[in-house]
Structures are given as structure tokens and as C-alpha cells.
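A.B. asks: What shape does this take:
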Amino acid sequence: MKKKNVAVVMGGYSDEYVVSLKSGQLIFDSLDREQYNVYKVVILKDEWYFLDDRDQKVPVNKADFSINLDSGFDVKFDVCFNIIHGRPGENGELQAYWDIIGQKYTGCGFYQSALTFNKKDTLAVLSKYGIPSAKSIYIKRGDNIDEGQIIAELGLPVFVKPNQSGSSLGISKVKEASELTKALEFAFAEDDEVLIESFLDGTEVSVGVVDYKGETIVLGITEIVSHNEFFDYEAKYEGASEEITPARLDEETRKTVEQIAKKAYTSLGMSGFSRSEFIIKDGTPYMLEMNTNPGFSPASILPQQAKIYGISIKDLCGHEVEKALNK
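C.D. replies: Below is the predicted model:
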């Protein structure tokens, strides 16, 4: 049987590209070489290229997402394994382009990517399915901002976060009214839209959900215990947190979290990897966001959950490729 060509597509246009390169490397290393010819493709703002085993760059032809090797041989990919965090692989741009040129790819489609990358819209849609979230106020750059009104409505502390950004970039916890202006500037540096959310005092959990062998499964529930004020970039990627899998939840709460995480996944018509964040307060899970291309480096939550669930990274990644091939 002829081997299929698989491009592991990593990088991206945001500061998250560093994490994406690590995620891509793990997937590149894990895919079965007996079944697939695996190629490393990097997408950055100023260049798209294939990286060979000598770290030589070959430009990607954007007309059909192919590469031309030294031998004069054109390589077309049977599947693109999308592991870009942030733009353009997690907000739908890349998926829409691949749809137009007829390129198969892993994960969800452009609509689900665009929707879930927008925190406000995701929470609004999921509220229709009975999935609760924190009380919030949405503002755009240039809006007339009444800080006193915001605090009167939401109380203190509040979280100020970019509406469309990942890896906890641009997020602040505001405990004093005097800190709000600076927090808004910090968030607006990442995005033109900002979400201000009331503080939920509870247990933070991260829930991995995938469709695997025809079934939507919860890979695991990880409890996040941040050494910082919240699960920020440093806590996520620089070790300033404890990630406890499985989370220390009673049986009833665990079942509730699993049920709501699966409901969110199926309600949005998701496919592929996902990681949803919740705060559990008084037994109720409140949705924070859903990531459709979550971190997949060896230190990331989803691979840890898969290991505990008993699915190898090789099988998990191979299954994603096979699903994409059969689309």
C-alpha cells in the first residue's frame, strides 16, 4: 500500500508559535513512518515553508499547498495535520483556504474554529444549550468605557481578557478599580475586542474531549492549581502551576463536568482535539473557553490526559489522520 503524505503544519502568526513548534515536533515524531511520509511545514507571517531533515527551507506553493523538492518532484499532501495555536490555524482562516483548494486536514472545520476562537460568541451560543458562564461585559477598541459602571455591574475582582487570543496572553486579574485602565490597555495590545468577566471563586479544570473511534470521549479532567494569581502564560508554560490529573472531584461533580464538556463539544459540531476550561463553583461548571488546537507539547495537558486514559500519542495522532483521509 502506498504511503500517504502527511504535513504536520505548525507555527502561526501570534506569540503562540513557539508553543506550536513544540506541539508540532511531538506529532511529527509520533506519526507511524510505516504508514505515512511525514513532512514538517512551518507557517509564519512572512513565510510558509517545508523544513527538511537538514533544516533547509523549501517554500510552500500557496496555489495548491504543495512543495517542490530539489529533485524537481512536486509533493502534494494527502492530509495536513493542523497544530497551529492562534492565527491562522485556530481561527478558521487556514481551514477556509484549505477548503477552497480541496486540501484535507485534521480537526474541526473553519466555522467551528472561527466561533470557538471568539470567546464571547462561543459562550453566547453555548448558553442556548444551558451551559453557564461568568457574567461579562464586552467592549471594542474605541468604545466609550465607563469603568465605574463596569465595576458596579460585575464587582471586584474581575478578569480582563482579549476576546480572541490564546495561551492566556493579555489577561489580567483586576482586584482594585485603579488597575482596570492598565488591564484594558494590556488586553487591547492583543486584540481589538475585550471581555471583562466577573470573578468565580472555585476550582479551575481543563477538560480534554476528542471524537475517537466513532465516540465522543472525555480524555480526562485536569485540576489547575496556579502558583500565580491565575493560570497565566507563566503558569501554563513555565512551570508556575500544578496540573493534577485526574482532578480531585467527587463522583457527582466529575460526572457533571464530563457531561457538560461533551455537550459543549457536540453542540458546536466539533471534531478532533479540544480542551475546554471551566471554573467549578458550588458543584456547577462555568465555561471559560474552548481551545480547538490545544497545546500538544510533551508538557501539555492533552497528551498527559491521553496517557492516563490509555491512548498512546501515536494512536491518537494516527486516528486523526485516518479520520481526515476518510472525510
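A.B. asks: right, and the helix or strand after the helix ranked longest in the chain?
C.D. replies: Longest helix of the chain, by residue count under DSSP state H: helix 251-267. Next along the chain after helix 251-267, taking DSSP states H and E as the criterion, comes strand 274-281.
A.B. asks: Could I get the CA-only coordinates of that next one as CSV?
C.D. replies: Provided in CSV are the C-alpha atoms of strand 274-281 (Å, rounded to 0.1, in the frame of the first residue of the first chain):
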residue,chain,number,x,y,z
SER,A,274,-10.3,20.1,22.1
ARG,A,275,-9.6,21.4,25.5
SER,A,276,-12.3,23.3,27.5
GLU,A,277,-11.7,25.3,30.6
PHE,A,278,-14.2,25.5,33.4
ILE,A,279,-14.4,27.0,36.9
ILE,A,280,-16.4,24.7,39.2
LYS,A,281,-18.3,26.8,41.8
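A.B. asks: least trustworthy helix or strand in the protein by mean pLDDT?
C.D. replies: When each helix and strand of the chain is scored by mean pLDDT, DSSP states H and E, helix 233-237 comes last, with a mean of 47.
A.B. asks: And the helix or strand following that helix, what's buried?
C.D. replies: Next helix or strand after helix 233-237 toward the C-terminus (DSSP H and E): strand 241-244. For strand 241-244, a neighbour-count test (16 or more other CB atoms under 10 Å) marks 241, 243 as buried. All C-beta spots, glycine's among them, are computed from the backbone N, C-alpha and C.
A.B. asks: One more: stretch 296-306?
C.D. replies: 296, 297, 300, 301, 302, 303, 304, 305, 306.
A.B. asks: same thing with stretch 278-293?
C.D. replies: The neighbour-count check on stretch 278-293 (16+ other CB under 10 Å) flags 278, 279, 280, 285, 286, 287, 288, 289, 290, 291, 292, 293 as buried.
A.B. asks: Could you pick out which of those are located in strands?
C.D. replies: Using DSSP state E, the subset of the buried residues of stretch 278-293 located in strands is 278, 279, 280, 285, 286, 287, 288, 289, 290, 291.
A.B. asks: Quickly list the domain ranges of this protein.
C.D. replies: Using automatic domain parsing, the domain ranges for the chain come out as 4-106, 115-132+201-292, 136-198.
A.B. asks: Nearest to residue 325, out of those domains?
C.D. replies: domain 4-106 (5.8 Å; CB to CB).
A.B. asks: quick one: average pLDDT of the closest one?
C.D. replies: Domain 4-106 shows a mean pLDDT of 95.
A.B. asks: ok, back up a step: and the furthest pair within the buried residues of stretch 278-293?
C.D. replies: Spanning the widest gap among these are 280 and 293, at 24.5 Å by CB to CB.
A.B. asks: hmm, back to that, closest one to residue 131 out of the ones in strands among the buried residues of stretch 278-293, please.
C.D. replies: Nearest member of these to residue 131, counting by CB to CB, is residue 287, at 5.3 Å.
A.B. asks: Run through the bridge partners of the closest one.
C.D. replies: residue 133, residue 278 (DSSP bridges).
A.B. asks: That one: what's it in contact with?
C.D. replies: 122, 123, 126, 131, 132, 133, 260, 264, 276, 277, 278 (CB atoms under 8 Å, 6 or more residues apart in numbering).
A.B. asks: Could I get the pLDDT score of it?
C.D. replies: Model confidence at residue 287, given as pLDDT, is 97.
A.B. asks: Just the CA coordinates for the longest strand along the chain, please, in PDB.
C.D. replies: Ranked by residue count and defined by DSSP E, the top strand of the chain is strand 215-226. C-alpha atoms of strand 215-226 as PDB (Å, rounded to 0.1, in the frame of the first residue of the first chain):
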ATOM      1  CA  GLU A 215     -17.400   8.100  20.000                       C
ATOM      2  CA  THR A 216     -17.100  11.500  21.800                       C
ATOM      3  CA  ILE A 217     -14.900  10.800  24.800                       C
ATOM      4  CA  VAL A 218     -13.500  12.800  27.700                       C
ATOM      5  CA  LEU A 219      -9.800  12.100  27.800                       C
ATOM      6  CA  GLY A 220      -9.500  13.500  31.300                       C
ATOM      7  CA  ILE A 221     -10.200  16.300  33.800                       C
ATOM      8  CA  THR A 222      -7.100  18.100  35.000                       C
ATOM      9  CA  GLU A 223      -7.200  20.400  38.000                       C
ATOM     10  CA  ILE A 224      -5.200  23.600  37.600                       C
ATOM     11  CA  VAL A 225      -3.600  24.900  40.800                       C
ATOM     12  CA  SER A 226      -1.700  28.000  39.700                       C
END
